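Chemist: build me a model:
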Amino acid sequence: MYYSWNLGPIHFIAFNTEFYYPNKTNYNTILVEQFHWIQKNLIEANKPRNREKRPWIITYGHRPMYCTNLGSVPDCRRSRSNLRDGIRTKKQRRVYGLETLFMENGVDISFWGHVHQYARFWPIYQYRVRNGSEEEPYKNPKAPVHITSGSPVRRKFVIRMQY
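Modeler: Presented below is the predicted three-dimensional model:
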């Protein structure tokens, strides 16, 4: 349900965002296992010898951390997100959120789906834009760039070909 791989100068990390949206039984151990796996994976990817070989870290998952489509996705309507800020415990603490983990470990880009639209955000952390500079916002940004590409697939379509 989660894995990583390398391609050229990029280290990719795939993970399951559905673990962050548990049923009434609260979060399960696989969420905790995944979080610690991502944490270890990022620590390894950031070792100087690895970062030299692969200067880009790209993550991807289904549900987005940030979205602009406030009407259709319940998590987008809240100022706090399970994925971004973590799951609320019985003591009302939030644990296992990914945004700070990604920020502290130099994730460059995060790709998402789920929301049926395209959106690209400035480098962002805790709702604050962290551009590299005003002139070149994406050059050496101070936070991950989030890209949502959840284009829907039409269920009915016809391809007409002429011979």
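Chemist: switch to C-alpha atoms for all contacts and neighbour counts from now on
Modeler: Will do.
Chemist: any idea which element the most centrally placed residue in the chain lies in?
Modeler: By Cα atoms, centre = their mean, the chain has its centre lying nearest to S110, at 4.5 Å. Using DSSP states H and E, S110 sits within strand 109-112.
Chemist: what's the following helix or strand after that strand?
Modeler: Counting by DSSP H and E, what follows strand 109-112 is strand 118-120.
Chemist: packing partners of that next one?
Modeler: Packed against strand 118-120 by the contact rule (3 or more Cα pairs under 8 Å, 6 or more residues apart in numbering; DSSP states H and E) you find strand 145-149.
Chemist: any idea how far the strand it packs on is from the chain center?
Modeler: When distances are taken as Cα atoms, centre = their mean, to the nearest Å, strand 145-149 is centred 8 Å away from the chain's centroid.
Chemist: can you tell me which helices and strands that strand packs against?
Modeler: So strand 145-149, by 3+ Cα pairs under 8 Å, 6+ apart, packs with strand 109-112, strand 118-120.
Chemist: got a list of contacts for the helix or strand just after the last one?
Modeler: Meaning strand 118-120. Sequence-wise, the next helix or strand downstream of strand 118-120 (DSSP H and E) is strand 124-125. Identification of contacts with strand 124-125 by Cα atoms under 8 Å, 6 or more residues apart in numbering yields E99, T100, M103, R130, N131, A143, P144, V145, H146.
Chemist: from S149, how far off is the fifth one?
Modeler: Shown here: N131 relative to S149, a distance of 21 Å by Cα to Cα, to the nearest Å.
Chemist: which of the contacts of strand 124-125 are buried? Put it as a PyMOL command.
Modeler: Filtering those down to the buried ones (16 or more other Cα atoms under 10 Å) takes a single PyMOL command:
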select buried, resi 99+103+130+131+143+144+145+146
